[in-house]
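[1] Give me coordinates for this.
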Amino acid sequence: MLYRSTKIALNRWVRRAAPGWAGSGIPLNAVAPGIVGTESARTTMLATPAQAKLMAEALPQPLGFPGPADAVAEALAWTIGPANTFMTGQILYVDGGADATLRGDAPYADGVSYGPVAMARMIYWSLVAKLQARKATG
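    Numbering: from 1, shown residues only. All right, here's what the predicted structure looks like:
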């Protein structure tokens, strides 16, 4: 819930602030990554099979899970590079299709909704991840 809320807040801020920044010649955009195969993700969100399964259920990425970090880095590089001369106030979703899968064409006011089966799976894998973490810590 916290992750989703902060992502929505950042996206709204970018869209609201971009026109003012553009008046100063600064294109303001954001890149919204999905779960990518970084060391940080592997040691936190993907540390156990149950955690990885939970994250895959919560953020389905049809193009692959976890995603390649290079794809996110290249999107970031383009947004701040000389080729970006006419884009501002945009959110680039480099998330393997997670946003399109979860939100589709609904506005942010509706948020993301999960069906009962998806919710049950996430609850199950969350419990399994907690049990595995307890076993690992003794």
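[2] In contact with residue 46, which residues?
    Each residue near residue 46 by Cβ atoms under 8 Å, 6 or more residues apart in numbering is listed here: 35, 52, 55, 66. The C-beta positions use only the backbone N, C-alpha and C, and glycine is treated the same way.
[3] and with 7 Å instead?
    52, 55, 66 (Cβ atoms under 7 Å, 6 or more residues apart in numbering).
[4] where's it relative to residue 66, distance?
    Distance, residue 46 to residue 66, using Cβ to Cβ, to the nearest Å: 6 Å.
[5] give me the low-pLDDT residue ranges for the chain?
    Low-confidence segments of the chain (pLDDT under 70): 1, 3, 104-113.
[6] Of all residues in it, which one is nearest the centre?
    residue 34 (3.5 Å; Cα atoms, centre = their mean).
[7] Report the spatially nearest residue to that one, omitting neighbours in sequence.
    residue 95 (3.1 Å; Cβ to Cβ, 6 or more residues apart in numbering).
[8] before we move on, back to that, ok, now which ones touch the residue nearest to the centre of the chain?
    Residue 34 sits next to 59, 61, 67, 95, 96, 98 when contact means Cβ under 7 Å, 6+ apart.
[9] before we move on, the earlier item: so the residue nearest to residue 34 makes contact with residue 35?
    No - in this structure residue 95 lies outside contact range of residue 35 using Cβ atoms under 7 Å: 8.1 Å.
[10] quick one: the strands in this protein?
    Shown for the chain, the strands assigned by DSSP state E span residues 30-33, 91-94.
[11] now those strands as a markdown table including mean neighbour count and distance to residue 121?
    Below are the strands of the chain laid out as a markdown table (neighbours: other Cβ atoms under 10 Å; distance: least, Cβ to Cβ, whole Å):
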| stretch | mean neighbour count | distance to residue 121 |
| --- | --- | --- |
| strand 30-33 | 19 | 23 |
| strand 91-94 | 18 | 23 |
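[12] Could you name every residue contacting both of residue 95 and residue 35?
    With Cβ under 7 Å, 6+ apart, residue 95 and residue 35 have common neighbours residue 61.
[13] who has more neighbours, these two?
    The neighbour comparison of residue 95 against residue 35 (other Cβ atoms under 10 Å) goes to residue 95, with 24 against 21.
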